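Undergrad: Need coordinates for the below:
(chains A, B, C and D)
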Number of protein chains: 2
Amino acid sequence: MNRFLGHVTNKIDAKGRVSVPAHFRSIIQQAGHTELYALRSLHLPALDAGGPDLLTRFDKRLESEDPFAEMADDMSFYLHADGGFLKLDADGRITVTDFLREHTGITDDVTFAGANTHFQMWQPEQFEAHRAKVRQRLMERRRLENLDNQTGNR
Amino acid sequence: MNRFLGHVTNKIDAKGRVSVPAHFRSIIQQAGHTELYALRSLHLPALDAGGPDLLTRFDKRLESEDPFAEMADDMSFYLHADGGFLKLDADGRITVTDFLREHTGITDDVTFAGANTHFQMWQPEQFEAHRAKVRQRLMERRRLENLDNQTGNR
DNA sequence: TCTAATCCCATTGACGCCCATAGTGCCCCA
DNA sequence: TGGGGCACTATGGGCGTCAATGGGATTAGA
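TA: Below you'll find the predicted structure:
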C-alpha cells in the first residue's frame, strides 16, 4: 500500500544520522526519488516531509492563486525559504540538521508519523503530547455529536 | 455471510504472533486483501480493524470536512498516524506490536470481536468487562423504556 | 589542517517465509 | 447409527533476509 501510515521512532546516532523507516522510503523510491523535501509545519512543532513531489504539489496549489495577492507571496516565501531538501544516504538515513532540530526540539530520537500523502517528523514526547490532545479533541466532538443526535432525533 | 460476528480469543505465541480467526480472515481475503488496517479506538481500550477498505471509508468521510479546519487535521492525524497496517503472514497471523499492546493492555492473548463491518481486538479481561457493562446498560435502558411505556400509553 | 559530509562495511535483532503437529469438527460409508 | 478418515485451524519452531544501528575510512570543504 503506497500510503504513509503509522508511526515509528528511530534513534539518532553519534554522527547525527537517523534511518527513515523502510516503509516510508520505499514509497518515495517507488516514485523515483532519492531526496526528501521537508517543510516546517505552520501550527505544529513538526516537519512535513515527503518526496520532492510534495513541493510540486504545494507549488501547483500556489499557481492557482492570484500571483499579485499578498497571500501568494507569503505562501511562496514560506514554501521555499522555510523548506529544504534532505539527502538520503546509501543506507536510507538522513542527517538531522539544525534546521530540523530548531523547529521540533528533536535531540536524540525522531518519531516518523504517517499522514497519508506525506509524513511528519516529531520529537517523540511532543508527538505523544499532540496525540493525546488530538484524541481528546476528537472525543469531545464525538460527545457533542451524540448529544445532538439524541436531542435532534427524538 | 460476509459480516464480522461473534468473538474468539487466541493465544500469542513466543514470537509475538497471533492467528486472526479464520472466519474473519476469509472475509478480508474474499475482498482480495492480505493486510489489515487497525486503528486505536477513541473511547475504548480496543483496536478497530478490518481490510484496507476500512481506511478508505474513513478517508472519504475526511474529504467532506473543511480541509483548513483544525478538525480535519486532527482526524487525518488520528487516522493516519494513530493507525497502521498489519501484515497477515502466510498462515493468517499478525505480529502483535507495541502499537497494539500499549493501547489495549494485550499481553498473552487477544480477543477478536466481530462488529459487523469490521472487528475489534481486545485484551480478554477488558473485553469481558466491557461486555458486562454493555449488557447492563442495555438492560437498564430497557427497564426505563418499559416504565415510560407503562405510564405513557395506558 | 581540521571539521564535516559521504561512502562502505559489520553486527544484531526483528520479521517474513516455510514446514510440522496436534486438536477438532464434519462427512461419508459401512 | 457409529466409526474412520479427511479437511482445516490454531499453534510451535527453524531459518534466511532485511532493516536499524554503529563505526571506520575516505573525500571535500572551510
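
Undergrad: Around DNA strand C, which positions in chain A sit nearby?
TA: A:15-17, A:87, A:89-91, A:95, A:97 (C-beta under 7 Å from any atom of the strand). No exception for glycine: its C-beta is placed from N, CA and C like everyone else's.

Undergrad: 10 Å instead, please
TA: A:8, A:15-17, A:22-23, A:34, A:86-91, A:93-98 (C-beta under 10 Å from any atom of the strand).

Undergrad: List buried residues within those.
TA: The neighbour-count test (16 or more other C-beta atoms under 10 Å in any protein chain shown) applied to the residues of chain A next to DNA strand C identifies A:8, A:23, A:86, A:88, A:93-94, A:96 as buried.

Undergrad: So, low pLDDT: which residues of chain A?
TA: Low-confidence segments of chain A, defined by pLDDT under 70, span residues A:1, A:59-79, A:81, A:147-154.

Undergrad: rerun at 80
TA: Applying pLDDT under 80 to chain A flags residues A:1, A:58-83, A:145-154.

Undergrad: now, which of the residues of chain A next to DNA strand C lie close to DNA strand D?
TA: On the criterion C-beta under 10 Å from any atom of the strand, A:8, A:15, A:17, A:22-23, A:89-91, A:93 are the entries of the residues of chain A next to DNA strand C that sit beside DNA strand D.

Undergrad: tell me the two of those residues that are most distant?
TA: Spatially, the most separated pair among those is A:K15 and A:H23, at 23.6 Å (C-beta to C-beta).

Undergrad: Outside of the helix or strand hosting A:L100 itself, list whatever touches it.
TA: Per DSSP states H and E, A:L100 falls inside helix A:98-104. With C-beta atoms under 8 Å, 6 or more residues apart in numbering or on different chains as the test, helix A:98-104 has contacts from A:38, A:40-41, A:45-47, A:84, A:106-107, A:121-123, A:126.

Undergrad: One more pass at 10 Å, please.
TA: Surrounding helix A:98-104, the residues in contact under the criterion C-beta atoms under 10 Å, 6 or more residues apart in numbering or on different chains are A:12, A:16, A:18, A:38-41, A:44-47, A:49, A:82-84, A:86, A:94, A:96, A:106-107, A:110-111, A:120-123, A:126-127.

Undergrad: now do stretch A:22-33
TA: Counting by C-beta under 10 Å, 6+ apart, stretch A:22-33 makes contact with A:1-6, A:8, A:19-21, A:34-37, A:49-54, A:88, A:92-93, A:112-114, A:117-119, B:84-85, all of which sit outside it.

Undergrad: A:G84 contacts A:T97, doesn't it?
TA: Yes: between A:G84 and A:T97 there is a contact under C-beta atoms under 10 Å: 8.2 Å.

Undergrad: So for these two, which residues contact both of them?
TA: Looking at what touches both A:G84 and A:T97 (by C-beta under 10 Å, 6+ apart), the common residues are A:A38.

Undergrad: Quick check on the contacts of helix A:98-104: which are buried?
TA: By 16+ other C-beta under 10 Å, the contacts of helix A:98-104 give A:12, A:18, A:38-41, A:44-47, A:49, A:83-84, A:86, A:94, A:96, A:106, A:110-111, A:120-123, A:126-127 as buried.

Undergrad: do the helix or strand where A:R137 lies and DNA strand D meet?
TA: Counting by DSSP H and E, the element that carries A:R137 is helix A:124-153. No: for a cut-off given as C-beta under 10 Å from any atom of the strand, helix A:124-153 has no contacts with DNA strand D; the smallest distance is 11.6 Å.

Undergrad: Among the buried ones among the residues of chain A next to DNA strand C, which are located in strands?
TA: Using DSSP state E, the members of those that fall in strands are A:8, A:86, A:93-94.

Undergrad: List phi and psi for whatever residue of chain A ends up closest to chain B.
TA: Residue nearest to chain B within chain A (C-beta to the nearest C-beta): A:G6, separated by 3.1 Å. Backbone torsions of A:G6, given as degrees, to the nearest 10, read phi 80, psi -180.

Undergrad: sorry, back to before: looking at the buried ones among the residues of chain A next to DNA strand C, which is nearest B:S64?
TA: Of all those, the one sitting nearest B:S64 is A:H23; the distance, using C-beta to C-beta, is 28.3 Å.

Undergrad: What separation do you get for that closest one and B:R141?
TA: 45 Å (C-beta to C-beta, to the nearest Å).

Undergrad: Contacts only, for the nearest residue to A:F119 once chain neighbours are set aside.
TA: In this structure, A:F119 finds its nearest non-sequential neighbour in A:F4, 4.2 Å apart by C-beta to C-beta, 6 or more residues apart in numbering or on different chains. A:F4 makes contacts with A:21, A:23-24, A:27-28, A:49-50, A:112-120, B:80-81, as judged by C-beta under 10 Å, 6+ apart.
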